[in-house]
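**Q** Show me the folded form of this:
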Amino acid sequence: MNILSIESSCDETAAAIISGNPENGTPELLSNVVVSQIDIFKEYGGVIPEVAARSHLEAILPVIHKAFEEAGFKKNDWNKIDAIAVTHTPGLLGSLLIGTLTARTLAILHHKPLYAVHHLKSHIYANWLEAKKSIPKFPLLALVVSGGHTQIIRMQAHNQFEIIGTTRDDAVGECFDKVAKILGLPYPGGPSIAQAAKNGNPKKYKFPHPKLTAPARAGNNSSDHTDLDFSFSGLKTAVLRKIQEELGLPLNHPSYDLKNHLSDEQIADFAASFEQTAVDILLENLEKALAKYPDTKSIVIAGGVSANERLRECATAKFAPNIFFPEPKFSGDNAAMVGAATFYEIASGVNPTDPYKLNILPRKDIS
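**A** Now for the predicted structure:
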């Protein structure tokens, strides 16, 4: 079986072709093409949705043709494609629209089954691509960390998801971006913070860890519920206040000007201290989740922030040998992970989506 997968949820236009037998095999990557818009948005310090959608429109068909070429297919070899998959939600509305409309049109035109895939599910399944060691075993815990999401998800088997912890405000990747902006580091903030942190002292500045009150949840007694939620809005504020204190500047001093008063050494120390604190917060909650679910056999870390070297080092030190990370090239948004998720949807007996009825209304579940 060959699956053409498409990803356009944010600022990467991507297509890939995955091959293999879902009944008894693992996904094999035939091609993986990604066109990033990072260079466009560096100037603005973030993604502009309307510009992103226009860029997707320009790139989507050439990217698909390139995926066919890299797989050794001719661009009209649709008889070699058995299914089409596309990121359905969540993401930027205009960006998702380009990908889903393209996938729907191709599915209808070439009479192929269409699979609409949740973006976070795809990030988790990036860990099954080009695995250099044994693949994750169930039941597992997945820590999904990206610019838009921070969640702990429990999986008893393929295509079974239970969200057991989530952020109540900012995602950790968003926090990286905002702290980087305060420090005058370029977008995207994750790689910039990591690079600056290499020259800094992670113990120079102490930042607080959030203390969250467990919310009342249906069917649960909040008094004995082990809360696994995250909060990162306070961390970025703590960094801002510590910088103002370090520089002897008032609280109303504009954050965009602080970079002009910081030395390279201070920037490196703040980057390293922030990065270490963010990693510690993530792993503390993961340890709590393990204590709550002692039958866990594997831990999977996924999403763009999973590429962070400090996170990988600390998580490996704590959880080896049962910790899994995607190959760095699969950490960010790409279509190969969408194909891998579809591969296991098909293996689990998930029915394809009617291309005439597919919509992209926002939804939170990963079912």
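**Q** right, and Ile3 touches Thr342 too?
**A** Yes: Ile3 is within contact range of Thr342, at 5.4 Å (criterion: C-beta atoms under 8 Å). Where C-beta positions appear, they are placed from N, C-alpha and C, glycine not excepted.
**Q** what is in contact with these two at once?
**A** Jointly contacting Ile3 and Thr342 under the rule C-beta atoms under 8 Å, 6 or more residues apart in numbering are 18, 83, 85, 115.
**Q** Which stretches in the chain count as strands?
**A** For the chain, the strands defined by DSSP state E cover 2-7, 12-19, 28-36, 83-89, 114-118, 140-145, 150-155, 162-166, 298-302, 323-324.
**Q** Could you break this structure into its assigned domains?
**A** For the chain, automatic domain parsing gives the domain ranges 2-125+331-347, 135-326.
**Q** Pick the most deeply packed of these.
**A** Ranked by mean neighbour count, those are led by domain 2-125+331-347 with a mean of 21 (mean count of other C-beta atoms under 10 Å).
**Q** what's the first-to-last distance across that domain?
**A** 13 Å (C-alpha to C-alpha, to the nearest Å).
**Q** Check stretch 21-28 too.
**A** 9 Å.
**Q** cool, and stretch 296-316?
**A** From its first residue to its last, stretch 296-316 covers 16 Å (C-alpha to C-alpha).
**Q** Measure how far it is from the centre of its chain, please.
**A** Centre-to-centre, stretch 296-316 and its host chain are 12 Å apart (C-alpha atoms, centre = their mean, to the nearest Å).
**Q** ditto for stretch 98-116
**A** Remark: stretch 98-116 is offset 24 Å from the chain centroid, using C-alpha atoms, centre = their mean.
**Q** And for that stretch, what's in contact with it?
**A** With C-beta under 8 Å, 6+ apart as the test, stretch 98-116 has contacts from 3-4, 6-9, 13, 53, 56-57, 60-61, 64, 78, 81-89, 342, 345-346, 350, 352-356, 358, 360.
**Q** how about a cut-off of 6 Å?
**A** 6, 8, 53, 56-57, 60, 78, 83-88, 342, 345, 352-353, 355, 358, 360 (C-beta atoms under 6 Å, 6 or more residues apart in numbering).
**Q** cool, and stretch 328-345?
**A** 3, 5-7, 10, 12, 14-16, 18, 22, 27, 29, 32, 34, 85, 87, 115, 117, 121-122, 125-126, 128-129, 158-159, 304, 306-307.
**Q** how close does the closest residue to Ile267 other than its chain neighbours get to Phe138?
**A** Once flanking residues are discounted, Ile267 sits nearest to Leu183: 5.2 Å by C-beta to C-beta, 6 or more residues apart in numbering. The gap separating Leu183 from Phe138 is 41 Å, by C-beta to C-beta, to the nearest Å.
**Q** what does Val279 give?
**A** Taken as C-beta to C-beta, the span from Val279 to Phe138 is 26 Å.
**Q** before we move on, what about His118?
**A** 18 Å.
**Q** tell me the contacts of Val51?
**A** No residues are in contact with Val51 under the rule C-beta under 6 Å, 6+ apart.
**Q** same thing but at 7 Å, please
**A** Ile40 (C-beta atoms under 7 Å, 6 or more residues apart in numbering).
**Q** same check, this time on the one 4 residues further on
**A** Contacts were defined as C-beta under 7 Å, 6+ apart; by that measure Ser55 touches 13, 37, 40.
**Q** which regions of the chain sit below the pLDDT cut-off?
**A** Applying pLDDT under 70 to the chain picks out residues 132-133, 214-226, 361-365, 367.
**Q** same thing but 90
**A** Across the chain, the ranges flagged by pLDDT under 90 are 11, 22-26, 37-49, 52, 75-76, 130-134, 147-148, 187, 211-227, 356-367.
**Q** Against the centre of it, work out the most remote residue.
**A** Distance from the C-alpha centroid of the chain, by C-alpha atoms, centre = their mean, peaks at Gly248 (37.1 Å).
**Q** any idea how far it lies from Val34?
**A** 45 Å.
**Q** hmm, back to that, now flag whichever of the shared contacts of Ile3 and Thr342 is closest to Pro321.
**A** Ile18 (27.1 Å; C-beta to C-beta).
**Q** Give the bridge partners for that closest one, please.
**A** According to DSSP bridges, the residues that bridge with Ile18 are Ile3, Leu29.
**Q** Wait, it touches Ile6, no?
**A** No: with contact defined as C-beta atoms under 7 Å, Ile18 does not reach Ile6; the gap is 11.8 Å.
**Q** can you give me the helices in this protein?
**A** For the chain, the helices defined by DSSP state H cover 38-41, 49-70, 93-110, 119-125, 172-183, 189-197, 233-247, 264-292, 309-319, 335-347.
**Q** Throw the ones you listed into CSV and include distance to Thr150, thanks.
**A** Compiled in CSV, the helices of the chain are given as follows (distance: least, C-beta to C-beta, whole Å):
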stretch, distance to Thr150
helix 38-41, 21
helix 49-70, 21
helix 93-110, 21
helix 119-125, 11
helix 172-183, 5
helix 189-197, 13
helix 233-247, 12
helix 264-292, 8
helix 309-319, 12
helix 335-347, 18
